[in-house]
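K.L.:
kindly return the folded structure for what I paste below:
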Amino acid sequence: MPLHFETADLAVRDIQAEGVPALQALFEANPDYFVTVNGRPPEPDEAQREFEEFPPAHLPYGTRWFAGVFDRAGALRGSLILVSDLPARGVWHTALFFLAQELRGTGAALALHQALEAKAREGGAHWLRLAVIEGNGRAERFWARCGYQAVRVRDIVDASGQPRKARVMVKPLHGGLLADYLQRVPRDHPDSSLP
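P.N.:
Model prediction:
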């Protein structure tokens, strides 16, 4: 099923292979996100690699959506990668939530997240999950404002080869307790050694 939803100003819809060059141009026009998250500006094939990347084979998942965020004039202004039932049934993982810099601080991200949350709830999600690079204060504050709470910190290596820490954050969509989530997703327990 396609991923389609809207806010007052933006529309989310699937991006196919022919849309990847426009996304690459958007990434290159907004390198700050990649410097913060990956430790380097976007590579010349960044959008293509995002388009082709799927969850690791050892993790179960349902559907992966690769979507663009378009303004009312039809211009590409951001991108979302959303995966259902990753790493457990009823848990939807946001792998990418990217908006052009000029939309940041305008309320567009909050409205977009609220619409995404409604779409996920409609699709059967009980929890939303994502990871934020520690030290990305703007993102950490935004996700906390959206109702997410940190459950685990994972050691990772960023795209530039530098060690980083990723904070896994979750949000209940139906009033679930964190203990319930951790029972459903033991790999996100603070003491877990699972990757």
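K.L.:
in the chain, which spans are strands?
P.N.:
For the chain, applying DSSP state E gives strands covering 5-6, 10-14, 64-71, 76-83, 91-99, 127-133, 149-157, 163-172.
K.L.:
so for Ala47, which of these sits nearest?
P.N.:
strand 76-83 (8.1 Å; CB to CB). Any C-beta I mention is one placed from the backbone N, CA and C, and that applies to glycine too.
K.L.:
mean confidence score for the closest one?
P.N.:
For strand 76-83, mean pLDDT rounds to 98.
K.L.:
contacts for it?
P.N.:
3, 10, 12, 15, 19, 22-23, 26, 50, 55, 61-71, 92-100, 103, 112, 116, 120 (CB atoms under 8 Å, 6 or more residues apart in numbering).
K.L.:
any of those buried? List them.
P.N.:
3, 10, 12, 15, 19, 23, 26, 50, 61, 64-70, 92-100, 103, 112, 116, 120 (16 or more other CB atoms under 10 Å).
K.L.:
what lies in contact with stretch 108-126?
P.N.:
Contacts of stretch 108-126 (CB under 8 Å, 6+ apart): 3, 5-10, 12, 69, 78, 80, 82, 84, 90-92, 94, 97, 99, 103, 128, 142, 145-146, 171-174, 176.
K.L.:
and the pLDDT for the residue lying farthest from the centre of the chain?
P.N.:
In the chain, Ala73 marks the outermost C-alpha relative to the chain mean, sitting 24.2 Å out by CA atoms, centre = their mean. Each residue has a pLDDT score; the one for Ala73 is 96.
K.L.:
same check on Gly39?
P.N.:
For Gly39, pLDDT reads 89.
K.L.:
residues in contact with it?
P.N.:
158-162, 164.
K.L.:
closest to His189 out of the residues you listed?
P.N.:
For these, the nearest to His189 is Arg164 (20.5 Å; CB to CB).
K.L.:
is it true that the closest one touches Ile156?
P.N.:
Yes - using CB atoms under 8 Å, Arg164 is in contact with Ile156, at 5.3 Å.
K.L.:
where is the longest helix in this structure?
P.N.:
The longest helix of the chain (DSSP state H) is helix 108-122.
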